[in-house]
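Q: Output the structure for:
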Amino acid sequence: MRLPIRPLRNRWPRVLENHLGRFFWSDPRTILNDDAGPEEFRTAMSAIEVGGTYKITGAKRHPNADALILEHVDLTDAVIVDIGASDGSTSLELISKLNGFKSYVIADLYLQIQARVQGKLTHLYDQDGNWILVVGTRFLAWPAPSKLVRSLWGKSARAAAQQPSPAQSVLLLNPSVRQLMAKDPRVTAQVHDIFAPWAGPAPDVIKVANLLRRLYFTDEDILTALEVLLGNLPEGGHLAIVDNSRIAGMPPRCGLYRRDGGRFVTVAETDNEPEIKDLVHKVGTGSRSVP
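A: Reported below is the predicted structural model:
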């Protein structure tokens, strides 16, 4: 569990940071700058907690998963939906390997936050108006897990939220992804809940990475989401499940599954099977029993 209040880098005596460097954080307000670089943005994003999870992301996280998809699926003129894509960095990497596709949707339940300044403090709110972060001149703090943080800066957060001027909206997509979207109309972003039916054109491929994890959901919830995903795909459509294991030395695990006869069948998997492989194969069988 993270300490709810952390010092910012480059705002304290150098000797403190040299000895206690792992406790210092980069300023998350970097995401408010239009000229932020891709890696700066990814680092700043790691402080953003929405929906109970942190928006930790990175480049080159899914090479094995991308290889499975490219090897086994003809993506020419394909509709691809990438659910839980965070800032879109891994989406960008897959797109760069495609020779042709019809559309690529970067989908996430949380794609936008709001920022408001109150004096020397910057308060961040999720899309539902929940206060998620406060950043000062020398610190950042998360209110959700800490009564102390809410006590110290709650009044300021409420005052900021009541300001008549509009808040600054922040799209939680990496600058390089936004640049691609601006020049390629096939690449779009959409707010989507994995437990809800897909509202757009029927996808040929759905990729779900680091979202359907037992770390976040019960087996019953994961089965519910998998049933929705099965319903979103036409016969012959593919689902790619990816998880970055916390097991030391284990690379990302991936499974590629095809809808066949109203259930998922295995097309290919990495040597280390996905954590929820057993649940994937229960979908469409009429069995909802879980351990």
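
Q: who are the neighbours in contact with the closest residue in space to Asp126 that isn't next to it in sequence?
A: In space, and not counting its chain neighbours, Asp126 is closest to Val50: 4.8 Å by Cβ to Cβ, 6 or more residues apart in numbering. Every C-beta, even on glycine, is put in place using the N, C-alpha and C of the backbone. By Cβ atoms under 8 Å, 6 or more residues apart in numbering, the contact set of Val50 is Leu109, Tyr110, Ile113, Asp126, Gln127, Ile132.

Q: Tell me the buried residues in stretch 248-256?
A: Of the residues in stretch 248-256, Pro252, Arg253, Cys254, Gly255, Leu256 count as buried by neighbour count, 16 or more other Cβ atoms under 10 Å.

Q: Show me the strands paired with the helix or strand where the fourth one lies, marking each as parallel or antiparallel.
A: This means Gly255. Assigned by DSSP states H and E, Gly255 belongs to strand 253-259. When pairing is defined by DSSP bridges, strand 253-259 lines up against strand 238-243 (antiparallel), strand 264-269 (antiparallel).

Q: residues in contact with the first one?
A: By Cβ under 8 Å, 6+ apart, the list of residues contacting strand 238-243 from outside reads 62, 65, 68-69, 72-73, 204-210, 212-213, 229-230, 233, 252-259, 264, 267, 274-277, 280.

Q: what's the average pLDDT for stretch 141-158?
A: Averaging pLDDT along stretch 141-158 yields 96.

Q: Which positions in it come out as buried?
A: Neighbour-count burial for stretch 141-158 [16+ other Cβ under 10 Å]: Ala141, Trp142, Pro143, Val149, Arg150, Trp153, Ser156, Ala157.

Q: now, which of those residues lie within strands?
A: Ala141 (DSSP state E).

Q: what residue ranges in the stretch 1-150 of the chain score low on pLDDT?
A: 1, 58-59 (pLDDT under 70).

Q: can you give me the helices for it?
A: Secondary structure of the stretch 1-150 of the chain (DSSP state H, counting those that start in this stretch): helices at 14-19, 38-45, 63-72, 89-95, 147-161.
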